[in-house]
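>>> Model the structure of this input:
(6 chains)
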Number of protein chains: 6
Amino acid sequence: MRPSGRAPDEMRAISIETGFTKHAEGSCLVGFGDTRVLVTASVEERIPPWLRGKGEGWVTAEYSMLPRATHTRGQREAAKGKQSGRTQEIQRLIGRSLRSVVDLRKLGERQIVLDCDVIQADGGTRTAAISGAWVALRLAVDKLMAAGAISDDPIEAKVAAISCGICSGTPVLDLNYHEDSSADADANFVLIEGGKIAEVQATAEGATYDEEGLLRLLRLAQIGCAQVFRAQDEATRK
Amino acid sequence: MRPSGRAPDEMRAISIETGFTKHAEGSCLVGFGDTRVLVTASVEERIPPWLRGKGEGWVTAEYSMLPRATHTRGQREAAKGKQSGRTQEIQRLIGRSLRSVVDLRKLGERQIVLDCDVIQADGGTRTAAISGAWVALRLAVDKLMAAGAISDDPIEAKVAAISCGICSGTPVLDLNYHEDSSADADANFVLIEGGKIAEVQATAEGATYDEEGLLRLLRLAQIGCAQVFRAQDEATRK
Amino acid sequence: MRPSGRAPDEMRAISIETGFTKHAEGSCLVGFGDTRVLVTASVEERIPPWLRGKGEGWVTAEYSMLPRATHTRGQREAAKGKQSGRTQEIQRLIGRSLRSVVDLRKLGERQIVLDCDVIQADGGTRTAAISGAWVALRLAVDKLMAAGAISDDPIEAKVAAISCGICSGTPVLDLNYHEDSSADADANFVLIEGGKIAEVQATAEGATYDEEGLLRLLRLAQIGCAQVFRAQDEATRK
Amino acid sequence: MRPSGRAPDEMRAISIETGFTKHAEGSCLVGFGDTRVLVTASVEERIPPWLRGKGEGWVTAEYSMLPRATHTRGQREAAKGKQSGRTQEIQRLIGRSLRSVVDLRKLGERQIVLDCDVIQADGGTRTAAISGAWVALRLAVDKLMAAGAISDDPIEAKVAAISCGICSGTPVLDLNYHEDSSADADANFVLIEGGKIAEVQATAEGATYDEEGLLRLLRLAQIGCAQVFRAQDEATRK
Amino acid sequence: MRPSGRAPDEMRAISIETGFTKHAEGSCLVGFGDTRVLVTASVEERIPPWLRGKGEGWVTAEYSMLPRATHTRGQREAAKGKQSGRTQEIQRLIGRSLRSVVDLRKLGERQIVLDCDVIQADGGTRTAAISGAWVALRLAVDKLMAAGAISDDPIEAKVAAISCGICSGTPVLDLNYHEDSSADADANFVLIEGGKIAEVQATAEGATYDEEGLLRLLRLAQIGCAQVFRAQDEATRK
Amino acid sequence: MRPSGRAPDEMRAISIETGFTKHAEGSCLVGFGDTRVLVTASVEERIPPWLRGKGEGWVTAEYSMLPRATHTRGQREAAKGKQSGRTQEIQRLIGRSLRSVVDLRKLGERQIVLDCDVIQADGGTRTAAISGAWVALRLAVDKLMAAGAISDDPIEAKVAAISCGICSGTPVLDLNYHEDSSADADANFVLIEGGKIAEVQATAEGATYDEEGLLRLLRLAQIGCAQVFRAQDEATRK
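Residues are numbered from 1 along each chain as shown, chains lettered A, B, ... in the order given. Next up, the predicted model:
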């Protein structure tokens, strides 16, 4: 039995509330259990300098935790004057994950920025962010298509992410904060609907695992992402 | 008639949803119309270096806008590496306003940090932040008192804030973004329940007003803050 | 009797020495008692990016204290690597105050930067800075008009500023450092010759005041600014 | 056939020159083909604040590219005033990888900093850095043990890293810069001698792979790391 | 004949006005012709961390140009967020120069900070700053000695500085801005009363000189510093 | 006898290994005894903004110490977020020194950046850097001339640098770290082949010297630079 009382392959409740803010072209408040991330998709009719004149667009992401999203208050990065290595690592991961399912040529010379702000943290904030970012992106692209700005859909598939870990020797799915801090190994999988892998980040600080362990974590991730894909589907079908 | 269709002395709907996040000692999501600010109060059992050994506590605030709280996306201050002058000005105002109703000796040697993060902006974010910060502070202090950490209530009164302005020659209350950007003069009043003034910041860029105009704005603010005091009361009585 | 021995409505001696530096288009060393601020006005034949093509000019200000302007040495902001919130708040106030009396269209597509460097501080540095900045601006604009670069005078009126406060229950005018640090409430008024108000910033940290108190402070400010207007007049008539 | 002319499972020449600098407690110049990284291990008799009093040591890493390690000169991070997200991501990876084979309690209350400076880059700089860092760490720990500062060896195993990728549909080992920039998917594996995995970072920007692909990359990595382990062995046996 | 109309070995008028600000323990406004630098000496009863427990004091300096000290306005370093290389080079030079005549053991465990702020620049700001800093230091040390905080005078000699250069082939003394910008070579000498040299910084960008040229510049500097020593003497004897 | 066992006018062994890295247009690893500096010359087909349209090129330098180039590890400047005053002073000196022998008009509208990274420090890093930078520059210019990008050689002469100092009263040449830290006075000379001086930086913190001392140091420098010129010649003739 896991500390959370869940079965090893049991996800927490997923919630996706679309249209959470009125200005953004796409937005949602995504929840994986008590983890809640506000994602907005902003369409900008300009692209980074290094892409100019290539007829392509860009999708990028920024990530931040509100200071009191966590058990004890963290210092505000804007006050510290720089983003931590962890923040930068996560926002680069979110951007890459979303770009893995977007045809940037079909997007045209515009940029979509996905802002992922963690309102409340209880483990898995980066995977919730990626999963919610797909929804916000989908909504923003739908708006561009409805307005005739884009004719061919640049989104080729759904992408979702989930964390897995090994707790007391047992591979488990979707760790909350309490489980995460005592896990022997920790892995984040970004999967694409249809069985493809976009990204694997598996780390074992203090403990290690082998090929068999990696595969078992991947299979849990496939179970988890299947549920996220359904939730994304419901959220965007409305 | 105002652009918003409201009467000159008519406020927007005020909403205060307490307990919006689970980790903070006090929290609320405060809404003045479409402006929504998430406020958390964090109790820290330490004080700034310059207060050590004085037997007093401290109350301070930080303020930030989520990048897409506004019509067009603003650059994230953590990414720019510094807080703007506007941000610093506002967070200093929030801190001063709350301290004007707190007896810091009764608080004991601890600090309460009020984080005000604007989720959605439509004018009046600083006044909504001050008004909500009082609620979050009240909840955090109630928790300290319930736990026996504080015996005498350090909060001496309610404090609330509202913006007023002169639009096409008419003094109006609680400007939304559209009204604010076309106002001739703009004033923020921070008032204390019982008729006292904590702070006045009245500015006329491009236009000016006289003593009479200042008084008319102050009276509108008194009307507005009376409604905020009632909303604060309801939110914290629950 | 005030700590300074002055009557409640008595200003300190005002001194304005124009032409204090030779390179600037306009400059003065302004003194309110022992507070001395060097102000230079620099005319630049370019405007901020967001004003380009609008046929308007810009007036802006920067403010700084020399490290040993004060009783104990403060750290140099250039060495710390950032301007404090207080500095930014003050320089924004100076800029707004001066723009409230300038017709930016008549200025043409150029910028005037008002640098206010506090040589010696004894209370009221921001109000001395605003009052001196008007003189430096006036001199710089006179030079532009004499050179034929501007035909219509863009300066519509004089603007001056003064601080007031409530000390031991009595409203007093033009506080020095000693009075300021023990004041119950503190207010800075920026007034325009002819009875108009450009800006009010009234704060009560620890104490509060009411509508009556605000009015009494405003009336003291009117007395004080009348004297500043005369000093500005003499300084620029020479 | 690969662009480099190598077989899919063929490594570039590995070179490890120990004692490259005289001041560091351990150092080497590690080469994977034309990629050359200078690694120094510095023993410091102090630990990070958050570890004080726990009776444990710490191992951490910093990473940097010399400006002209690459085809075109990159801006110096010290001149830009901040480390890029990429730099921080890599140095965090190096630190975690080394800590996965160190018993921090046996290290005692001291810190070993591994500085990895890329002298010349041709793909795989982070994996060369990890592989060389183990050598520098081994040498520094040997020196501590020879001096009697440590009695039990805190290093539990060898750790090495290698990059793999999918080029034109074929999984290949140890990509050089040319291969890396055209790869469909890119993965870095950090393996521990004896069959354990310390870290997997597999990314597919633009393309994707499946479970089968991940396994094939892992097997290439096992082939590559076996060769690195031998080179580490030779370098430290001298 | 020099552009300035002066003879090759002719200094500009030197002026030293002591007590220019009231808070600093020592202060003066030093003028070399139109170059004017405000120097304050601040005594702090603490020393840098690396000197603690050695029974010695410290003398250090900071240097800054007001934005409009020059012909065209320069950007404020506090606004840019960092001090330029030039600023740092100059303030290091000033500190070293003053320390060359101070016995830091006799100063006791305290620090004297010399703030040199250029009010108006017309060539030779660093040499005027060094020459004035000696006066401010002398006044601050006199005050410490008068108060009995120091018994033995820690100042061993006078130190002064002057710039020389080669203009159109002729070595000249004390260059103004116009001469400086067209000089073939430029040298700053810091000399100690009695014939000793504290520092030489001789640069030839674009042109070069030989041993003979260096000696001729040194002799001009000796002529110039003799006059500065007299001015320092008069200023501090009052 | 010197601490190093060398005669007063005896240099350490000079080594210059050209082509140390493969990407740079010119590069060398220069050694003055145990001091080793990697210098790369990067040709960039663009110039700084303030040079545009003048038909001239630019030569500039950057300098850095690897963290463990020294006896104890120094903090990485990229991690601290700024370059120290010492670093900036040195890189400005390197740039000026090289420009003193380059005809920038003959270079054409391009920039050559000399990156000097200290791999191992044992005194004299800046003089080794200047001496090696000339070699890297020579190689890069040769490549430009061979490619026909430049027709007239812009390098007018060799430039080299050496440090001298006064140790226990004796002027000595080319100080190592141990000698440097106990020297009474310290001077760096940048000399041009043929007897000209490009730069002198002579400092006496704690001690002082006179005209005679300065001349004796200069003569030692002439002896030392003659040897560096020969080594530069050999290195670039190959």
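>>> What sits closest to residue A:74 if chain neighbours are left out?
residue A:67 (5.5 Å; CB to CB, 6 or more residues apart in numbering or on different chains). C-betas here are computed from N, CA, C, even on glycine.
>>> Where does that neighbour sit: helix, strand or coil?
coil (DSSP: H, G, I helix; E, B strand; the rest coil).
>>> which residues touch it?
By CB atoms under 8 Å, 6 or more residues apart in numbering or on different chains, the contact set of residue A:67 is A:73, A:74, A:75, A:76, B:40, B:42, B:62, B:113, B:115.
>>> Quick check: phi and psi at it.
When quoted as degrees, to the nearest 10, the phi and psi of residue A:67 stand at phi -50, psi -40.
>>> what pLDDT does it get?
Looking at residue A:67, its pLDDT reads 97.
>>> ok, now how distant is the most far-flung residue of chain A relative to its centre from chain B?
Ranking residues of chain A by C-alpha distance from their mean position (CA atoms, centre = their mean) puts residue A:53 at the top, at 29.8 Å. Distance of residue A:53 to chain B, given as CB to the nearest CB, to the nearest Å: 23 Å.
>>> That residue sits in which helix or strand?
Residue A:53 belongs to no helix or strand when assigned by DSSP states H and E.
>>> still on that earlier bit, dump the contacts of residue A:67 into a markdown table; add neighbour count, pLDDT and distance to residue F:98 as well.
Shown next, in a markdown table, are these (neighbours: other CB atoms under 10 Å in any protein chain shown; pLDDT from 0 to 100; distance: CB to CB, whole Å):
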| residue | neighbour count | pLDDT | distance to residue F:98 |
| --- | --- | --- | --- |
| A:73 | 21 | 97 | 52 |
| A:74 | 16 | 96 | 47 |
| A:75 | 10 | 95 | 44 |
| A:76 | 22 | 96 | 45 |
| B:40 | 29 | 98 | 56 |
| B:42 | 21 | 98 | 55 |
| B:62 | 22 | 98 | 48 |
| B:113 | 21 | 98 | 52 |
| B:115 | 28 | 98 | 52 |
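>>> and the lowest-mean-pLDDT helix or strand in chain A, what does it pack onto?
Scoring the helices and strands of chain A by mean pLDDT, DSSP states H and E places helix A:177-182 at the bottom, with a mean of 90. Here helix A:177-182 touches strand A:159-167, going by 3 or more CB pairs under 8 Å, 6 or more residues apart in numbering or on different chains; DSSP states H and E.
>>> The strand it packs on packs against which elements?
helix A:85-99, helix A:125-146, strand A:170-173, helix A:177-182, strand A:185-192, helix A:211-237.
>>> Helix A:211-237 and that strand, what's the angle between them?
If you take axes from the mean of the first three to the mean of the last three CA atoms, to 10 degrees, strand A:159-167 sits at 140 degrees to helix A:211-237.
>>> contacting residues for the closest residue in space to residue A:183 that isn't next to it in sequence?
Counting by CB to CB, 6+ apart, residue A:165 is the residue found nearest to residue A:183 once chain neighbours are left out, at 3.7 Å. Residues in contact with residue A:165 (CB under 8 Å, 6+ apart) are A:171, A:172, A:175, A:179, A:180, A:183, A:184, A:185, A:186, A:187, A:217.
>>> For the residues you listed, pick the one with the most neighbours.
residue A:175 (29 neighbours; other CB atoms under 10 Å in any protein chain shown).
>>> can you tell me if stretch A:5-18 touches chain B.
No - under the criterion of CB under 8 Å from any CB of the partner chain, chain B is not reached by stretch A:5-18; the shortest gap measures 12.7 Å.
>>> do the same with stretch A:102-116
Yes - interface with chain B: stretch A:102-116 contributes A:113, A:115 (CB under 8 Å from any CB).
>>> Between the two ends of that stretch, what distance do you get?
18 Å (CA to CA, to the nearest Å).
>>> does any part of that stretch sit near chain D?
No - counting by CB under 8 Å from any CB, chain D is not contacted by stretch A:102-116; separation bottoms out at 8.9 Å.
>>> Could you list the buried residues of that stretch?
A:102, A:104, A:106-116 (16 or more other CB atoms under 10 Å in any protein chain shown).
>>> ok, of these, which one's closest to chain C?
Nearest to chain C out of the buried residues of stretch A:102-116 is residue A:111 (CB to the nearest CB; 20.0 Å).
>>> Filter the contacts of residue A:67 down to just the ones in helices.
Taking DSSP state H, every one of the contacts of residue A:67 sits outside helices.
>>> Would you check which pair of the residues you listed lies furthest apart?
Within the contacts of residue A:67, A:75 and B:40 form the most distant pair, 14.1 Å apart (CB to CB).
>>> Now chain A against chain E: closest residue?
Counting by CB to the nearest CB, chain A gets nearest to chain E through residue A:81 (9.3 Å).
>>> Over to the residue lying closest to that residue once chain neighbours are set aside: give its phi and psi.
In this structure, residue A:81 finds its nearest non-sequential neighbour in residue B:81, 5.1 Å apart by CB to CB, 6+ apart. For residue B:81, the backbone dihedrals are phi 90, psi 0 (criterion: degrees, to the nearest 10).
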